[in-house]
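Visitor: The amino acid sequence is not available; the structure is as follows:
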């Protein structure tokens, strides 16, 4: 369970950091801004890796 909580913390860290910097609480945000930031952050990181693996022909 500790591992899952740690993974959740890491996964939500970019969005949580962004809403803290802007000064918005979780209740005020409702998850919209945090979700947007998390999707942009993780998408920016994961898409290049996915394209690189696809070009090399490594599939799941």
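Guide: Looks like it arrived, so ask away. Just so we're clear, the structure is a prediction, and the values are computed from it rather than from any experiment.
Visitor: which SSE is residue 49 in?
Guide: helix 32-56 (DSSP states H and E).
Visitor: which outside residues touch that helix?
Guide: Residues outside helix 32-56 that contact it (CB atoms under 8 Å, 6 or more residues apart in numbering) are 11, 12, 14, 15, 16, 18, 19, 22, 24, 26, 59. Where you see a C-beta, it was placed from the backbone N, CA and C, and this is true even at glycine.
Visitor: Check what pLDDT the second one gets.
Guide: What that stands for is residue 12. Looking at residue 12, its pLDDT reads 92.
Visitor: for it, what are its contacts?
Guide: 34, 38 are the contacts of residue 12 under CB under 8 Å, 6+ apart.
Visitor: Please, which helix or strand holds it?
Guide: Applying DSSP H and E, one finds residue 12 within helix 2-22.
Visitor: Tell me the buried residues in that helix?
Guide: 14, 15, 16, 18, 19 (16 or more other CB atoms under 10 Å).
Visitor: can you put these in a markdown table and add distance to residue 44?
Guide: Listed next are the buried residues of helix 2-22 as a markdown table, based on distance: CB to CB, whole Å:
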| residue | distance to residue 44 |
| --- | --- |
| 14 | 10 |
| 15 | 13 |
| 16 | 17 |
| 18 | 14 |
| 19 | 18 |
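Visitor: ok, and what's touching the lowest-mean-pLDDT helix or strand in the chain?
Guide: Every helix and strand of the chain was ranked by mean pLDDT, DSSP states H and E. The lowest is helix 26-29, at a mean of 82. Here helix 26-29 makes contact (CB under 8 Å, 6+ apart) with 19, 34.
Visitor: ok now that helix, how far from the chain's centre?
Guide: Its chain's average C-alpha position is 18 Å from that of helix 26-29, according to CA atoms, centre = their mean, to the nearest Å.
Visitor: Spatially central residue in this protein, please.
Guide: Nearest to the mean C-alpha position of the chain, by CA atoms, centre = their mean, lies residue 38 at 3.3 Å.
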